[in-house]
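Q: This is the structure alone, sequence omitted:
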Ligand code: SAH
């Protein structure tokens, strides 16, 4: 059995030549696969070739759009169904500088963050490269426009599905495929420290985002169980290594929850922690008002968020407050899938 849609062009060419078919057929197949088209609709590929491929156990996997929600601000959220019925979510955000898609990397999540809807129900399975590529293909088809950027911030922990995510990144950025610039791709992690060291060596000039959310181990461990395996010192040391190896700036995500991590003390502690472990690194914190997902966390008042941001900015740590897009369609990850499961 071979998932042709998870292959690079050169792997597909090898496969096609192993069937003693001409090399240009591989390019044709590859083109269709990247457009999200199944065997039945590959109009210029002979039926005989497809039969041969299928008799050799070859297949293509496409995610299907199961539900689609469009926000007043133009954000589109998709519930996509995989070949085995698993459901994932993808979101397309339209910015002046282009279209960005937020994709899922796993069906469910094993990380157990206390505020996150994606982890309710645990991890069902990891996605194949084809299933990540297919989210991009389906969205491009649906909006009839190009996707210019990708954030790996949907359901799942990308570094928990490391090999498949790396393969996805290599294919999606290649010229013969979606040709999306690595500088327009961000990968977000809750902090799998061993994998951050691995990622630094991949020579992929993507942006790494770290879901930090707290600046003391006590608070972070209460919000994010992964912190009991790798604490803040270990995480930020890995970030510092990542910056030294790649020269790429890291973005820290900090979801503000009222009464949990949003006090002025928390802000000062965050400054001290970042400055202690990330010497010589440009520091950028993305503040996100936490999305109430019925798990006991509530966003702070707007004023509090701006006070928190100004404390960081005064200490020369760039803090931005993330604009919430698509809140009228539950666009933040995990909510739709969790709702469907009930
Ligand atoms: N597993 C990865 C990527 C997926 S989540 C990670 O942890 O980084 C994308 C971001 O949304 C993460 O920063 C995550 O912590 C945050 N997030 C999850 N649930 C949230 C909520 N209810 N409100 C605000 N941010 C949330």
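A: Perfect, I can see it now. Treat the numbers as computed from the prediction; the structure is a model and nothing was measured.
Q: residue contacts, residue 318?
A: Residue 318 sits next to 282, 283, 284, 285, 312 when contact means CB atoms under 8 Å, 6 or more residues apart in numbering. Where you see a C-beta, it was placed from the backbone N, CA and C, and this is true even at glycine.
Q: Quickly name whichever of those residues is closest to residue 46.
A: residue 284 (52.5 Å; CB to CB).
Q: In this structure that closest one contacts residue 248, no?
A: No - counting by CB atoms under 8 Å, residue 284 does not reach residue 248; the two are 11.7 Å apart.
Q: Pick out the residue in the stretch 1-150 of the chain sitting closest to the ligand.
A: As assessed by CB to the nearest ligand atom, the ligand sits closest to residue 116 within the stretch 1-150 of the chain, at 3.6 Å.
Q: And this protein, what are its domain boundaries?
A: 2-59, 64-341 (automatic domain parsing).
Q: Turn those domains into a markdown table, including mean pLDDT.
A: Listed next are those as a markdown table, based on pLDDT from 0 to 100:
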| stretch | mean pLDDT |
| --- | --- |
| domain 2-59 | 93 |
| domain 64-341 | 94 |
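Q: on that earlier part again, which neighbours do residue 284 and residue 248 share?
A: Joint contacts of residue 284 and residue 248 (CB under 8 Å, 6+ apart) do not exist.
Q: For stretch 139-156, buried residues please.
A: For stretch 139-156, the buried set under the neighbour-count rule, 16 or more other CB atoms under 10 Å, comprises 139, 140, 147, 149, 150, 151, 152, 153, 154, 155, 156.
Q: Need these in CSV (columns: secondary structure and distance to residue 189).
A: Listed next are the buried residues of stretch 139-156 as CSV, based on DSSP: H, G, I helix; E, B strand; the rest coil; distance: CB to CB, whole Å:
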residue, secondary structure, distance to residue 189
139, helix, 23
140, helix, 26
147, coil, 22
149, strand, 18
150, strand, 15
151, strand, 12
152, strand, 9
153, coil, 10
154, coil, 13
155, coil, 14
156, coil, 11
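Q: which of those sit farthest apart?
A: Maximum distance among the buried residues of stretch 139-156 (CB to CB): 21.2 Å, for 140 and 156.
Q: ok, residues contacting stretch 119-130?
A: Applying CB under 8 Å, 6+ apart, the set of residues contacting stretch 119-130 from outside is 3, 5-6, 33, 60-62, 82, 86, 88, 104-113, 156, 160-161, 164-165, 167-168, 171, 334, 338, 341.
Q: Narrow those to just the buried residues.
A: Buried members of the contacts of stretch 119-130, counted by 16+ other CB under 10 Å: 3, 5-6, 33, 60-62, 82, 86, 88, 104-109, 111, 113, 156, 160-161, 164-165, 167-168, 171, 334, 338.
Q: Could you list which of those belong to strands?
A: Per DSSP state E, strands hold the following members of these: 3, 88, 106, 107, 108.
Q: and the third one, bridged to which residues?
A: Counting by DSSP bridges, residue 106 is bridged to residue 126.
Q: got a list of what it touches?
A: With CB under 8 Å, 6+ apart, residue 106 has these contacts: 123, 124, 125, 126, 127, 155, 156, 157, 160, 161.
Q: if you skip the residues just before and after it, what's nearest to the first one?
A: The shortest distance from residue 123 to any residue that is not its chain neighbour, by CB to CB, 6 or more residues apart in numbering, is 3.9 Å, and that residue is residue 110.
Q: contacting residues around that neighbour?
A: 119, 122, 123, 157, 160.
Q: By neighbours, which of these wins?
A: Tallying neighbours with other CB atoms under 10 Å puts residue 157 at the head of those, with 27 neighbours.
Q: My guess is that residue contacts residue 109. True?
A: Yes - applying CB under 8 Å as the test, residue 157 and residue 109 come out as touching, 5.7 Å apart.
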